[in-house]
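K.L.:
Sequence first, predicted model second:
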There are 2 protein chains.
Amino acid sequence: MLSTMQDVPLTVTRILDHGTTVHGDSQVVTWTGDGAPQRRTFRDVGARTARLAHALRDDLGVQEDERVATFMWNNAEHVEAYFAVPCMGAVLHTLNLRLPADQLTWIVGHAADRVIIINGSLLGLIAPLLDRMPTVEHLVVSGPGDRSLLDGARVRVHDYEELIAGKPTAYDWPELDERRAAAMCYTSGTTGDPKGVVYSHRSIYLHSMQVNMSQSMGLTDADLTLVVVPQFHVNAWGLPHATFMTGVSMLMPDRFLQPAPLAEMIESERPTHAAAVPTIWQGLLAELTAKPRDVSCLTQVTIGGAACPPSLMEAFDRLGVRVCHAWGMTETSPLGTVSRPPAHAIGTDAEFAYRLTQGRFPAGVEGRLVGPDGTRLPWDGESAGELEVRGPWIAGSYYGGAGGESLRPEDKFSSDGWLKTGDVGVISADGFLTLTDRAKDVIKSGGEWISSVDLENALMSHPDVAEAAVVAVPDTKWGERPLATVVLKEDATADYAALRDFLATRVAKWQLPERWAIVPAVPKTSVGKFDKKVLRRQYAAGELDVTQL
Amino acid sequence: MLSTMQDVPLTVTRILDHGTTVHGDSQVVTWTGDGAPQRRTFRDVGARTARLAHALRDDLGVQEDERVATFMWNNAEHVEAYFAVPCMGAVLHTLNLRLPADQLTWIVGHAADRVIIINGSLLGLIAPLLDRMPTVEHLVVSGPGDRSLLDGARVRVHDYEELIAGKPTAYDWPELDERRAAAMCYTSGTTGDPKGVVYSHRSIYLHSMQVNMSQSMGLTDADLTLVVVPQFHVNAWGLPHATFMTGVSMLMPDRFLQPAPLAEMIESERPTHAAAVPTIWQGLLAELTAKPRDVSCLTQVTIGGAACPPSLMEAFDRLGVRVCHAWGMTETSPLGTVSRPPAHAIGTDAEFAYRLTQGRFPAGVEGRLVGPDGTRLPWDGESAGELEVRGPWIAGSYYGGAGGESLRPEDKFSSDGWLKTGDVGVISADGFLTLTDRAKDVIKSGGEWISSVDLENALMSHPDVAEAAVVAVPDTKWGERPLATVVLKEDATADYAALRDFLATRVAKWQLPERWAIVPAVPKTSVGKFDKKVLRRQYAAGELDVTQL
């Protein structure tokens, strides 16, 4: 039996229409670095969005379903592209500014991008690569930058403002199927080729509602949100769409992401909320220590992209800023969990521990833990398994089956369609997720999983230990066992036995490593994380001086 | 181009599953009148929901798509029916306890209800009608009441607790299409037969998300909501579903809807939020004046179902309780608008006026005003038209094309599928809706609309006027013109000319009535509203002593 409800699709167009009418006075404020930020109402952004869509269709010949790329900072023009491209029926493809040249050119070719909208300040990154991007025909350049970098380029170059000038300020947006592609984003996986995640109008709409729910970010039109998380990174955590749904004004930092200008824009524009990864906040807090500013406007920050260190949460607590910790990934749009402590814990000693977890699933996300042998594990706060998730804004495949030879679908998706996150953790009886490890780093010992991160944290709490990295190594009896590599501080007196005895007071006996190596330094990746691949290779090659205890 | 997102349906089952796991400790508290409320966790409600579904399927033979009726107060068992029936693939049909017998029997027959779940305290209303309800085969009786009223009834009678006892506490819920019917509710229209509105899993899911958005009710699991608005009335404004999405605990008054027990349950259970129509609140506030209680727990009340009188909002302001004013109807699930003042008005003189409007549309509801000649009117705060709405939780038709001979679809739905609400009002440039009239009461004068309510309010502000009702009467030149009927206070000295001059200072000249009648009383409906049908009939029959000015 069918309902008598109207069959109205959930589209980005509906979000645009709502934001530009009901919340037409809300603003997108873009920092310019010269003391005079650019201010544009949602109504103005809507008119310019229509102009951009006319230009893309009429002047550049953009077709339905065609990918249109952006290579931009967070700013009003990027918001205009966020709406114009999906609403006209094309697919917004946000390119990650931080990618190595090889990955960038591969991604542009894989998506068959013909048009790139680019900030002038970023031309230096793209100009040298254009010859390796044969699909690209048009560059639309917005904002300041040295256009001469494109002299002699084989592509057609357009100025954004000139291109949209004089175009109609309304557009007869097509009525789109909600399951149609609206935007895409490639994951920069550490193994294999990048994988394209394609968001639908439906997934963006539902994710936006979720962002606005009271137990998520829960912003209102009384808020101004500082969107530090890049628009090229998973739709800036959904904020450009979510804000148009509720009239939350946005403060966009453009290219001014250094601690000093961030502090300056907070002091002068007075955002009530901000969203960024931990490293941004650590830089900002250091800046504020060096040169205090009035950041009392901030009442809440959302932190994701990496686990929030306790010290960072404490520092914000001292400033009177509430930290909302969230977890997600490109494949989850990204909101997968949000850590709001349960009512009974607020004001108690338990509150802080709850806030440090990755949090609870919203109603739109189902989560389950799958153990080493493929069985589903209980939510008991102890059983560790790989997190699998399901929901209308969770990826179920990759674009063009991408990932190259290296990706087998069964590595990323379960047979019943759930996403394998590659994250290992536990879930408490009241639904709070704590992630402990990447699945590739966990030690699979005799049908049980040992968290490398737990062992490392326990070791690093020893006063003589500067750093500790634990990796899985092959073991004939148990399959895998942990190898502990330790960097000692100067003047350290602890030996292997002392370290092992120390660890024995903190973890279960069967988790204790038998293999130990004191090393001068732990190998690191380009972004400063432990490079466990290298450690495993060094062990396999016999390059480590390993002691058996 | 399709997205790579998972295709996960939006179902009530998903809400149930989420509420009973992630928010399993939240509670449904049902008032019992004996000082010991019944307390049930969402987890327990979930287990009993599964038991009920087993009983309905296995013992009562309920099939997919079959309507299962409830005739119940707000209580935990009604919540269990709210989930069991839709999740098993059947359709929850909430029967309105307040309907006259003729309408009730018509509705039960039209929906072909075979099973009614009923509170024992309501048996006296149904028992005498069973012979006129030939489709009904089973009554499932829950809670206290005189079962002997059913002695000799031709239906099979079951005790709710006995029926579900011993059944499995889990149910293998079917994966349902989100567009499938989940629940239905008949409107008790003043003209024609009742009309059935059928909600889908999708519409309930989306509406629940909307209820939880920060600019709507925006509750969290720190809240306890007192659900006074009946579960038989448009899904209790969506609260039973919305609370399971976010872990908000519910306080259910059962049959104790009188001011004294409501005050008592607020004082003892300390809800933070409550939802009810204005008359309930007026009764409660009178009770609190007569016998003060500690209601400081309440921080917010949601008022809808009828316009919130300014005096009521002021009374709540004095108590420190925030009033959130909302508008909707059975056909809109019901959330159509919510009045949260815009950020710039908060703390200013304009705030109160904003709060008294019906509010703004959420992103899921599109609204437009259509004028007397069918043209779309601007949002300028002045152009009055009939409100039409569109959205995924708005009705686009009625069940079985119901409404009988009296309903032509074009009276209720526009040619492009929007719902004609029958409400007339204006929308401000910043999107705030103010309803002024029912379309059937508005005066259509020469292509312009005159609000009967505006004229009445202006007249009633005259010190000599006790009551005033204005209705449209035929006019050869203008089509319709207003007739003002006035009840004077004792010792009043004003005559027609004085009243007309008084009105002339308050409304536009072309709106001034030419026809006047001083009457001893305005005819009223059974619920105390002006009965304008009767006035129009009296005028047509020449029964009023009309003076032309």
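P.N.:
Looks like it came in fine.

K.L.:
hey, let's count contacts and neighbours off CA atoms from now on
P.N.:
OK.

K.L.:
give the contact list for A:Val45.
P.N.:
A:Thr20, A:Val28, A:Ala76, A:Val79, A:Glu80 (CA atoms under 8 Å, 6 or more residues apart in numbering or on different chains).

K.L.:
let's go with 10 Å and repeat that
P.N.:
Counting by CA atoms under 10 Å, 6 or more residues apart in numbering or on different chains, A:Val45 touches A:16, A:19-20, A:24, A:27-28, A:51, A:76-77, A:79-81, A:83, A:169.

K.L.:
What parts of the stretch 51-200 of chain A come near chain B?
P.N.:
By the rule CA under 10 Å from any CA of the partner chain, the part of the stretch 51-200 of chain A lying against chain B is A:64-67, A:89-91, A:177-184, A:196-200.

K.L.:
no, scratch that, I was asking about the stretch 351-500 of chain A
P.N.:
Counting by CA under 10 Å from any CA, the stretch 351-500 of chain A sits next to chain B at A:360-366, A:379, A:390-401, A:417-419, A:428-432.

K.L.:
switch the cut-off to 6 Å
P.N.:
A:Ala363, A:Gly391, A:Pro392, A:Ile394, A:Ala395, A:Gly396, A:Ser397, A:Tyr398, A:Asp430, A:Gly431 (CA under 6 Å from any CA of the partner chain).

K.L.:
For stretch A:470-490, give the mean pLDDT please.
P.N.:
Averaged across stretch A:470-490, the pLDDT comes to 93.

K.L.:
got it, and stretch A:214-223?
P.N.:
Stretch A:214-223 comes out at a mean pLDDT of 94.

K.L.:
For the stretch 251-400 of chain A, just list every one of the strands.
P.N.:
A:273-276, A:300-303, A:322-328, A:335-339, A:366-370, A:385-390 (DSSP state E, counting those that start in this stretch).

K.L.:
Parallel or antiparallel, list what pairs with the longest one.
P.N.:
According to DSSP bridges, the neighbouring strands of strand A:322-328, each with its direction, are strand A:300-303 (parallel), strand A:335-339 (antiparallel).

K.L.:
got CSV for these, with mean neighbour count too?
P.N.:
Shown next, in CSV, are these (neighbours: other CA atoms under 10 Å in any protein chain shown):
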stretch, mean neighbour count
strand A:300-303, 22
strand A:335-339, 26
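
K.L.:
out of the ones you listed, which comes closest to B:Pro372?
P.N.:
strand A:335-339 (46.3 Å; CA to CA).

K.L.:
just how off-centre is stretch A:2-21 within its chain?
P.N.:
27 Å (CA atoms, centre = their mean, to the nearest Å).

K.L.:
which stretches of chain A have low pLDDT?
P.N.:
Confidence mapping of chain A against pLDDT under 70 gives the ranges A:189-191, A:402-408, A:526-527.

K.L.:
do you know how far A:Glu314 is from A:Gln300?
P.N.:
13 Å (CA to CA, to the nearest Å).

K.L.:
List the contacts of the residue in the stretch 201-350 of chain A positioned nearest to chain B.
P.N.:
Closest to chain B within the stretch 201-350 of chain A is A:Met213: 4.0 Å, counting by CA to the nearest CA. By CA atoms under 6 Å, 6 or more residues apart in numbering or on different chains, the contact set of A:Met213 is B:Asn212, B:Met213, B:Ser214.

K.L.:
Distance of A:Glu410 relative to B:Pro310?
P.N.:
For A:Glu410, the distance to B:Pro310 - CA to CA - is 62 Å.

K.L.:
The most centrally placed residue in chain A - nearest residue in space that isn't next to it in sequence?
P.N.:
The centre of chain A sits closest to A:Gly305, judged by CA atoms, centre = their mean, with a distance of 4.7 Å. For A:Gly305, ignoring the flanking residues on the chain, the nearest one in space by CA to CA, 6 or more residues apart in numbering or on different chains is A:Val277 at 5.4 Å.

K.L.:
In contact with that neighbour, which residues?
P.N.:
A:Ile303, A:Gly304, A:Gly305.

K.L.:
Any chance of the backbone angles for A:Arg43?
P.N.:
Main-chain torsions, A:Arg43, degrees, to the nearest 10: phi -60, psi -50.
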